[in-house]
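Peer 1: One predicted model, sequence on top.
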Amino acid sequence: DIQMTQSPPSLSVSVGDRVTITCRASQTISRYLNWYQQKPGNAPNLLIYAASSLQSGVPSRFSGSGSGAVFTLTISSLQPEDFAEYYCQQTYSAPLTFGGGTKVEIE
Amino acid sequence: QVQLVQSGAEVKKPGASVKVSCKTSGYKFIGYYIDWVRQAPGQGLEWMGRINPDSGVTKYAQKFQGRITMTRDTSTSTAHMEVRRLRSDDTAVYYCARVLSYIGTNLEWFDPWGQGTQVIVSS
């Protein structure tokens, strides 16, 4: 199974900060990488698919990059509604696997 | 709009079975896979498997082989997942999600997700 490792597990930031979350795959997965945001009590919501494609309706302050085995999710200027948990997901091979999550908290 | 609406919360005893439903609307049901993902309390996301609503063909994560069954009802555009021989560590929120993809590739993503079904396994 492909292991997905996210870092950091959590971070405390302020509104307006630039945030970068990293996701590393245990093997190369090309661009088969998605990012989701999950708020407490809610289902995950798609932000980025195929490593760098912004899902329709998602604010442009979110961006994704990377290929191979290292990927990043960047929030250019954190807004109050962005405090949430973020997960990466690989779809290169089954079983599909997710990173352990990164919790973005208010500093 | 596209919606996936799941069945309500369940409380089950160890050893019992539970069947969770995912009723879809707003798109062609047989045109997209449905995947199931669960999330234990305070934990991350775990992929359980998928069903092709057109053919009924399923693919399960090895961890759940023999203990889950995914089915679909094309007349009601609903997917179902049954989990048998429940244990306390099956306590989780279970989600269904529609799978979108670039045709002919494994470039896939989940959108949207159902609202989740809480399953509690307790004696």
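Peer 2: Yes, it's here.
Peer 1: B:K63: what secondary structure?
Peer 2: Three-state call for B:K63 (DSSP: H, G, I helix; E, B strand; the rest coil): helix.
Peer 1: Excluding chain neighbours, what is closest to it?
Peer 2: Spatial nearest neighbour of B:K63, chain neighbours left out: A:P95 (7.7 Å); criterion: Cβ to Cβ, 6 or more residues apart in numbering or on different chains. C-beta coordinates here come from the backbone N, C-alpha and C atoms, glycine included.
Peer 1: Contact partners for that neighbour?
Peer 2: A:1, B:47, B:61-63 (Cβ atoms under 8 Å, 6 or more residues apart in numbering or on different chains).
Peer 1: Can you pull the residues of chain B lying near chain A?
Peer 2: B:35, B:44-47, B:59, B:61-63, B:95, B:100, B:102, B:106-116 (Cβ under 8 Å from any Cβ of the partner chain).
Peer 1: Give me the PyMOL select line for these, limited to the buried ones.
Peer 2: Those of these that count as buried under 16 or more other Cβ atoms under 10 Å in any protein chain shown are selected in PyMOL with:
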select buried, chain B and resi 35+44+45+46+47+61+95+100+107+108+109+110+111+112+113+114+115+116
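Peer 1: now, which of the residues of chain B next to chain A lie within helices?
Peer 2: Nothing among those maps onto helices, per DSSP state H.
Peer 1: Might you specify the subset of the residues of chain B next to chain A located within strands?
Peer 2: Counted as lying in strands by DSSP state E, out of these, are B:35, B:46-47, B:59, B:95, B:100, B:108-113.
Peer 1: So the residue nearest to B:K63: helix, strand or coil?
Peer 2: Applying three-state DSSP: A:P95 is coil.
Peer 1: ok, now A:G41?
Peer 2: Per three-state DSSP, A:G41 ends up coil.
Peer 1: Next one: the residue sitting nearest the centre point of chain A, what pLDDT does it get?
Peer 2: In chain A, the C-alpha nearest the mean C-alpha coordinate belongs to A:W35, at 3.9 Å (Cα atoms, centre = their mean). The model reports A:W35 with a pLDDT of 98.
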